[in-house]
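Chemist: fold the following and give me the result.
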Amino acid sequence: MQSHWPARLAPLLSLLLSCTGASSLEVQLTESAWPGLEALPVERREVTVEPGLAATVEATTVHEAPVGLALLEGRVVAGTAEGLLVASDDGSPQLSPVVLDAALGVGVGGPVRALAPRQGGGLLVALGDSFLHDYRGRFYVSPLTGQVPFESVHALDASGFNDAEVVWLTLADRALSISASLRASVVLEGHAAPTFAAGAPDGKALLAVEGDLYQAQVSPARALRLLEDVGAVHAAARRDGSLFLATDAGLVERTPAGPLRVTSFREADGNALPVRALAVGAGALHLLAGDRLLALRDGAFVHLGDAPAAEGPRTLAVDARGHAWVGGAGGLVRVRTGDSVTFAQVSPFLQAHCASCHAGAGTDGAPGLPLTDYEGAVLHRDRILARLADPQSPMPPRRVEVLLPEDWSIVARWVDGGMKP
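Modeler: Have a look, this model is predicted:
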């Protein structure tokens, strides 16, 4: 299938454009010494999940288990057997099909096999027999299309930025690592195929193999078992430089440097709760421990409410308003976990990301706006939200910094909550 890429996108999509010319390797990892890693400390803690506040649960138009959930310009996107669906922008819990550009080519469509957020923003989607990537609200066919047996794709993970981005695919018989310069098929010698693969913060990877967790490196090829008996790995998420994994044994955190952290969860009666899904949004890491929705804030786990009980795989996303969307065997629901916030909580964001250009008379052509005082922020609230969410010309400008919806969701929550002082 032909790929359709405007030339102006090339500098921003170096991984997807150059992967077709990357070197290819068949890598058979063996467990070996890894100086400095053998002594990696493991910090363990156990959290008892206390009863949380009752949260309102709303049905959506998705009545089957989503393959995956993510955010697209602040709105939840669900990957389903019917294709890609996106939440309404009017605040309702309804979803509708993502309209794909006819220029993508005949035959682009079908069930979503996997999807993953990219660290620099945007999505990577395995749809039918194609890979798609979004850019400023539109989808394009990736050159990854045709390189992977789509029927065997179990999971997708994308880590890193620009030329350092690495995509890991979990296939039926191996893990596949694709970067701008290298494509590597990876297995662990003497073991079954990895059941989950994710890029680690230091350029390595974490592989789930036969219920254990390994750190792996493609070149030079080596692997070391970090944790035993974590069970199944269900999802990965990244926040503040750390990689988090949802596992049957709990929440595993791989920090950029320092200890490996494992947090297990139990109910008051001692019943163990597997971590079944993860999402980053509303300024925090969110997770589903059993059917309990938790948020990690300032080192503490806060019980936000409960999702409807469901067997089998679960999926999770947190939208720009702080509401949790939870997928399971009964379909997709929205749990209204987005608490209203005060201007005292919003002011640091405006000071950090807006004041440098808009304070006083303004600089670099930006108009002077009193965004860091309450009255000024209330007056310009619609303008602030519109520019933060603008896919074509966001503020701050991309040359200054790139803000994702989860970064500015606190502003949307403040407005939605009545703009409390």
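
Chemist: now the element after the helix or strand in which residue 124 is found, going C-ward?
Modeler: Element membership for residue 124 (DSSP states H and E) is strand 123-127. Sequence order places strand 130-135 as the next helix or strand after strand 123-127, per DSSP H and E.

Chemist: quick revisit: and the angle for the strand holding residue 124 with strand 130-135?
Modeler: Per axes from the mean of the first three to the mean of the last three C-alpha atoms, to 10 degrees, the angle that strand 123-127 makes with strand 130-135 is 160 degrees.

Chemist: when you give positions from now on, start the count at 46
Modeler: Renumbered: residue one is now 46, and that last one reads strand 168-172.

Chemist: sheet partners, orientation included, of strand 168-172?
Modeler: Strands that pair with strand 168-172, judged by DSSP bridges, come out as strand 157-162 (antiparallel), strand 175-180 (antiparallel).

Chemist: quick one: average pLDDT of it?
Modeler: Across strand 168-172, pLDDT averages out at 90.

Chemist: just to revisit the earlier point, for residue 465, which of the strands paired with strand 168-172 is the nearest?
Modeler: Using C-beta to C-beta as the criterion, the shortest distance between residue 465 and the strands paired with strand 168-172 is 30.4 Å, found for strand 157-162. For the C-beta atoms, the positions are set from N, CA and C on the backbone; glycine is no exception.

Chemist: contacts made by the closest one with the rest, please.
Modeler: Residues outside strand 157-162 that contact it (C-beta atoms under 8 Å, 6 or more residues apart in numbering): 112-113, 115-116, 122, 124-126, 128-129, 168-173, 195, 198-203, 212, 214.

Chemist: same for the host helix or strand of residue 307, what does it pack against?
Modeler: Assigning secondary structure by DSSP H and E places residue 307 in strand 305-312. Packing partners of strand 305-312 (3 or more C-beta pairs under 8 Å, 6 or more residues apart in numbering; DSSP states H and E): strand 87-94, strand 267-272, strand 295-299, strand 317-318.

Chemist: out of those, which is the most enclosed?
Modeler: Of all the helices and strands packed on strand 305-312, strand 295-299 has the most neighbours on average by mean count of other C-beta atoms under 10 Å, namely a mean of 24.

Chemist: that one pairs with which strands, parallel or anti?
Modeler: strand 287-292 (antiparallel), strand 305-312 (antiparallel).

Chemist: and the helices in the chain, which stretches?
Modeler: 59-63, 388-398, 400-403, 419-424, 426-434, 450-461 (DSSP state H).

Chemist: those helices: which one's closest to residue 370?
Modeler: Among the helices of the chain, helix 450-461 sits nearest to residue 370 (C-beta to C-beta), with 13.4 Å.

Chemist: the stretch 96-245 of the chain: strands as residue ranges?
Modeler: 102-104, 113-117, 120-125, 128-132, 140-142, 157-162, 168-172, 175-180, 183-186, 200-204, 211-215, 220-223, 227-233, 241-244 (DSSP state E, counting those that start in this stretch).

Chemist: residue 361 is nearest to which of the ones you listed?
Modeler: Among the strands of the stretch 96-245 of the chain, the nearest to residue 361 by C-beta to C-beta is strand 113-117 (6.3 Å).

Chemist: that closest one pairs with which strands, and in what direction?
Modeler: Strand 113-117 has these strand partners (DSSP bridges): strand 120-125 (antiparallel).

Chemist: span of stretch 361-372 from start to end?
Modeler: The straight-line separation of the ends of stretch 361-372 (C-alpha to C-alpha, to the nearest Å) is 6 Å.

Chemist: buried by neighbour count: which residues of that stretch qualify?
Modeler: Residues 361-372 are the ones in stretch 361-372 that count as buried (16 or more other C-beta atoms under 10 Å).

Chemist: likewise stretch 127-134?
Modeler: So for stretch 127-134, counting by 16+ other C-beta under 10 Å, buried means 128-132.

Chemist: what about the closest residue to residue 399 other than its chain neighbours, how many neighbours?
Modeler: The shortest distance from residue 399 to any non-neighbouring residue, by C-beta to C-beta, 6 or more residues apart in numbering, is to residue 416 (4.9 Å). Using other C-beta atoms under 10 Å, residue 416 is surrounded by 23 other residues.
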